[in-house]
Structures are given as structure tokens and as C-alpha cells.
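In: Pasting the sequence and the predicted coordinates here, then a few questions.
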Amino acid sequence: NQFPGFFEQKIAEESRKALEVKEEIPIMVIMGNPPYSRSSSNILKKGTDFYNFYESYKEKVRKQERNIQPLSDDYIKFIAFAHWKVKQIGSGIVGMITNNSYLDGRIHRDMRKKLSEDFEVFVLNLHGDVSRDHLNPVSAKDENVFDIRQGVSILLLVRRGAGTRKVYYFDKFGTREEKYDFLGGNTIATTKWRELKLEPPYYSFVPREGKGNEAYQKFLPLGEIFKFYNVSGKPGDDKMLVAYDANSLSGQLIGAKEILMMDEDNADTEAKKKFVAILQSFRLKRENMIQYNYRPFDIRYTYYDLQIYTRAVPKLKRQFDSLNLALLTTKILKAESFAHAFVTEIFPDVIFLSNKTSTNTFAFPLYLYNDNGGQQSFLGGQEKLDLKGVQHSLRTKKDKEPNINPEVFEKLKTAFGKKPTPEEIFYYIYAVFYSNVYREKYKEFLKSDFPRVPFTKDYELFKHLANLGKQLVDVHLLKAKELQNPTAKFEGA
């Protein structure tokens, strides 16, 4: 009490000096291990020079992507700050060890392009991502250098005025100790760097082995073929909101309500927290119990309530309230190769295609229904028709329209001399996605963004592939005639 405000004055003085360094003193070397936090609490002041520079990392993707929130991660802001400071001076060095998601993340493409334009870039990828263990080319276990699940990498940025602007890359897999030994025993001069040739539109900071990028980029993007698509539904608590049958689902909800009524601190998931907010007024509604395509060939029930669901995606859900088909695929691939395409008639789960890596599943409905579409529920059931019946029903509905862009119809009509049906286009795409030649030839490019579709100009070939795609859809919906008399049956759990 003899020195009131002494420590506060010291802290204020330290903050003032730090701000002076950030804004006024030239910095030649910046290094560190910034925090990784997608929910950043470091709010940048709009209108400042640094804010405007940082926003350039979102220059194009903000117009092309729906979710760029990961670009607000703290480590991205730290890299941007270092980039900005060194660029101001004209020369300098940046060294950071960070989350490695920016190396090939599709929303980080503006960031990579900016870095490659201003620096000589060295990337030492230390891997260690538990969801990408398949990338390890050696049989030994790949471990993280830190006690985290997210892979990491070391980024070295060198700016020598108007000097070299190249990107170099090196992989290091192995145990934690092996990585420590490598880092302790090597320098930038002794590391066997591989020079990368960056290619638009992604400017990836990891090697892309496949050839044919120029041809692949000319194919039609799936997101431009369909007018509407959306990430699939996310209950937010599968143990509470998903079950094999309606009775079990009812029991789960009643049990969860009783537990939460006793102690709201038991709300340990996002869905339960939302459930708590309506607990007193909640009444179980059978019409909210709907069939749910949980995984391939695994149809369950879910309690679809907008007040509880973590991500209800009502517009997408509405497309399945009447008879429809939807193509399911992914936008970002964490697996070794592309095998992520399926079909459904039922509202699907967000990780339908990849529960191991939790890669989001996107649904592309064949038709779009307006708000007057019929409702599917536990009480009303879900009408089941064969594929021919589905096609007839879809065409005769007055409250729906094809979910394929008119430009696609016109382009194919010009090429074929006749207009294909929406179903033919849908089945053709499905056949292409199951082509082993397509999957292998464009393996590297299928890891980023939605798949692109190579449309043939040969109508007979188009019809042939569409027919094969239709047969495959029929099989995947378990409606093929060949499946009616199986040689073996599995019964019971």
C-alpha cells in the first residue's frame, strides 16, 4: 500500500513501449510460436494499415467461399503481422512454428499467394496431424512435436529487397524424438529442400504429384452445375438425437431431459445446452422424428428440432420432405484418395462420408422444392418407390424445379443437338465420380474443392455413362433388381 498504482504504472508503461515497437520501430527479424485459436479474441481495429493488409489474405476467398472464419485464427494474424512489418522495411526474416493447415487449406490460397509474392519461402512440414496419419510414407508411427492433435510446420520467410521469390518444401515424418534430432542436427543450408512450382488457383505449399492440372481446371466445377447445395445436418449430440428406431430415440430424449432437469451442468454438448434453454416448455413431438441417413447403408432416426439441432440447415432439409435424390460429396479431402461420393433420398448426416476424419459432407439435390413441399415424419412415414417411380414423381410435382443451372442444359444441348434430362446429367456425374481412371488421374486435385466434371461431347458416350450411373445409384439405394434375391442374408444385430 506504500506505492499505490506502482504495478499498474509499470504494466501501462510496458504496454506503451510494446505498441511503440509494433507501430514505429523497424523490425528486421520476427520469430515465435503464436497461439492457434479459431475463436480469436485479438480484434483488429478496422481502418488501420495493418487491418487493411490482413484483410488482403481474404481478397478473393471472401467472394468465393461461404465460410472463411478459420482465417481469423490467431496464428494467421501473427503471420500477417510479421509479413506486414517486414514488407514495410523492405528486407528481413520471419521464423514461426504454427498450425500447418494453411499449407494446403483451400481458404488460405490468397494468403499463400501473398506470401510467395513477397518472400523466399521455406516450409518444413513436421506433420503430426492425427487425422492425416495416412500421409506418412513410412511404416513407423508419425508423432507430433507438441502434445496436440493438429499438425505443425516451421515457416521461414526471407525478404532481400527485390531478390528471389521461390517456395521450398521439406517433409519430416517420424517419432517426436526423430524430429527433435533432425531439427537439432540440421540448418537451412543442410536441409534437402524441394522447390515447388505454385499453380493457380490454390498456390499450394505442399507438393502436388499429379499431372493434368491445366486440363482439370477446364472441367465444370460441381458448385457451378448445381444451383443449390449445402453442408449436411449436424445434430450436435448423436447419443441424444440419433437412434436406430423411433422408440429408442424417444427414450433417449426423455432420459436426457430427466438428467438435465436434475442438473443443468450435465449439458456437455452444444445440443444439450440448447436443450436446456427450452427444457421447461419441451414436449416430445412425434412429427419431429424423421428418418436420417447416418452413414452409407445406415438409415436411422433423428429428432429434428430447430431449437436443439446444432446445424439444422432447414433449406436443405426441406428438399428431402418430398421425393428427391441428392448427390453427396466433400469439399476438402483429408483421406489419401478420393472415394467420397454417394447418393441419398433421405436427409443426411454431416460426416456421412467420412466419420474417421470428420470431413463435412455436402448435399446436391436433384430438384429444388419450395415451402409447400410435403412433410416426412414418423407418423406419416416415408414413401418408397422404385427408381422409375421416383423419377416420374419428381417430374410431375408442380412445386419443384431442376437444381441444375440452365447454362449447363444449354451447353449440353449445343454439344448433343438435344437437351438431356436432369436425371441423365445427375447419373452421368455419378458415373464419372466412380471412374477409377478419373479418381487416379486427378487424385491430387480432388483433394481441394468440389470435384470437377469432364462432360463429353459424344452423346452416345454420355447416354452410356448416364445409364451406368443410374444402375449404380439403384445399387447404392438398395433398389437394384440384382439385390432382390441375394445368395446370403445377415439378420439380427
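Out: Thanks, I have the structure now.
In: What are the boundaries of the strands in the stretch 151-300 of the chain?
Out: 152-160, 167-171, 194-196, 220-221, 230-231, 242-243, 289-295, 298-303 (DSSP state E, counting those that start in this stretch).
In: in the stretch 351-493 of the chain, which ranges drop under the pLDDT threshold?
Out: Low-confidence segments of the stretch 351-493 of the chain (pLDDT under 70): 357-358, 371-398, 492-493.
In: try 80
Out: 355-358, 371-398, 448, 485-493 (pLDDT under 80).
In: Equivalent analysis for the stretch 101-250 of the chain, please.
Out: 130-140, 161-164, 208-213.
In: switch the cut-off to 90
Out: Applying pLDDT under 90 to the stretch 101-250 of the chain picks out residues 105-106, 129-141, 149, 160-165, 199-202, 207-217.
In: how about the helices in it?
Out: In the stretch 101-250 of the chain, the helices defined using DSSP state H, counting those that start in this stretch lie at 109-118, 176-185, 213-216, 222-225, 238-241, 246-262.
In: Those: which one's closest to G47?
Out: Closest to G47 of the helices of the stretch 101-250 of the chain, according to CB to CB: helix 109-118, at 20.0 Å. Just so you know, the C-beta spots here come from the backbone N, C-alpha and C atoms, and that holds for glycine as well.
In: that older thread, Throw the helices of the stretch 101-250 of the chain into JSON lines and include distance to Q69 and mean neighbour count, thanks.
Out: Formatted as JSON lines, those follow (distance: least, CB to CB, whole Å; neighbours: other CB atoms under 10 Å):
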{"stretch": "helix 109-118", "distance to Q69": "14", "mean neighbour count": "20"}
{"stretch": "helix 176-185", "distance to Q69": "30", "mean neighbour count": "13"}
{"stretch": "helix 213-216", "distance to Q69": "28", "mean neighbour count": "14"}
{"stretch": "helix 222-225", "distance to Q69": "19", "mean neighbour count": "18"}
{"stretch": "helix 238-241", "distance to Q69": "24", "mean neighbour count": "20"}
{"stretch": "helix 246-262", "distance to Q69": "29", "mean neighbour count": "15"}
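In: nearest to V206, of those?
Out: Between the helices of the stretch 101-250 of the chain, helix 109-118 lies closest to V206; by CB to CB that is 10.2 Å.
In: send the alpha carbons of the closest one over as CSV?
Out: Below are the C-alpha coordinates for helix 109-118, written out as CSV (Å, rounded to 0.1, in the frame of the first residue of the first chain):
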residue,chain,number,x,y,z
ARG,A,109,-5.0,-19.6,-51.1
ASP,A,110,-4.9,-15.7,-51.0
MET,A,111,-2.5,-15.9,-48.0
ARG,A,112,-0.2,-18.3,-49.8
LYS,A,113,-0.2,-16.2,-52.9
LYS,A,114,0.7,-13.0,-51.0
LEU,A,115,3.5,-14.7,-49.1
SER,A,116,5.0,-16.2,-52.2
GLU,A,117,4.9,-12.8,-53.9
ASP,A,118,6.8,-11.0,-51.1
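In: which other helices and strands contact it?
Out: helix 74-89, strand 152-160 (3 or more CB pairs under 8 Å, 6 or more residues apart in numbering; DSSP states H and E).
In: Put together a markdown table for the ones you listed, with distance to N266 on each row.
Out: Shown next, in a markdown table, are those (distance: least, CB to CB, whole Å):
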| stretch | distance to N266 |
| --- | --- |
| helix 74-89 | 31 |
| strand 152-160 | 35 |
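In: right, and those - which one's nearest A431?
Out: strand 152-160 (38.5 Å).
In: and the next element down the chain from the helix or strand harbouring E13?
Out: Using DSSP states H and E, E13 falls within helix 6-23. Following helix 6-23 in sequence order, the next helix or strand is strand 29-32 (DSSP H and E).
In: Give me the distance from that following strand to the chain's centre.
Out: 31 Å (CA atoms, centre = their mean, to the nearest Å).
In: and what of stretch 351-358?
Out: The answer for stretch 351-358 is 11 Å, by CA atoms, centre = their mean.
In: can you count the residues close to P402?
Out: Counted with other CB atoms under 10 Å, residues neighbouring P402 total 21.
In: Could you pull up the residues touching Q280?
Out: If you count contacts by CB atoms under 8 Å, 6 or more residues apart in numbering, Q280 has none.
In: What's the per-residue pLDDT of it here?
Out: The model reports Q280 with a pLDDT of 90.
In: about what we covered before: the strands of the stretch 151-300 of the chain: which one's closest to P314?
Out: strand 230-231 (9.8 Å).
In: ok, and what's touching that closest one?
Out: Taking CB under 8 Å, 6+ apart as the rule, strand 230-231 contacts R311, V313, K315, L316, V350, N360, T361, F362, A363.
In: got it, and stretch 181-188?
Out: Against stretch 181-188 from outside (CB under 8 Å, 6+ apart): F122, L156, K172, G174.
In: will you turn the residues you listed into TSV that also has distance to Y367 and neighbour count?
Out: As requested, those are arranged in TSV below (distance: CB to CB, whole Å; neighbours: other CB atoms under 10 Å):
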residue	distance to Y367	neighbour count
F122	51	19
L156	52	17
K172	50	19
G174	51	19
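In: quick one: which of the helices and strands packed on helix 109-118 is nearest A271?
Out: Evaluated over these, closeness to A271 peaks at helix 74-89, with 27.6 Å, by CB to CB.
In: So what's the model's average confidence on the closest one?
Out: 94.
In: what inclination does it have with respect to helix 109-118?
Out: Angle, helix 74-89 to helix 109-118, by axes from the mean of the first three to the mean of the last three CA atoms, to 10 degrees: 30 degrees.
In: Tell me the buried residues in helix 74-89?
Out: 74-87 (16 or more other CB atoms under 10 Å).
In: now the helices for the stretch 251-400 of the chain?
Out: Using DSSP H, counting those that start in this stretch, helices in the stretch 251-400 of the chain cover 270-277, 314-318, 387-396.
In: which SSE is E423 in?
Out: Short version: E423 belongs to helix 422-433, going by DSSP H and E.
In: Tell me the gap between that helix and the middle of its chain.
Out: That offset, for helix 422-433, works out to 23 Å (CA atoms, centre = their mean).
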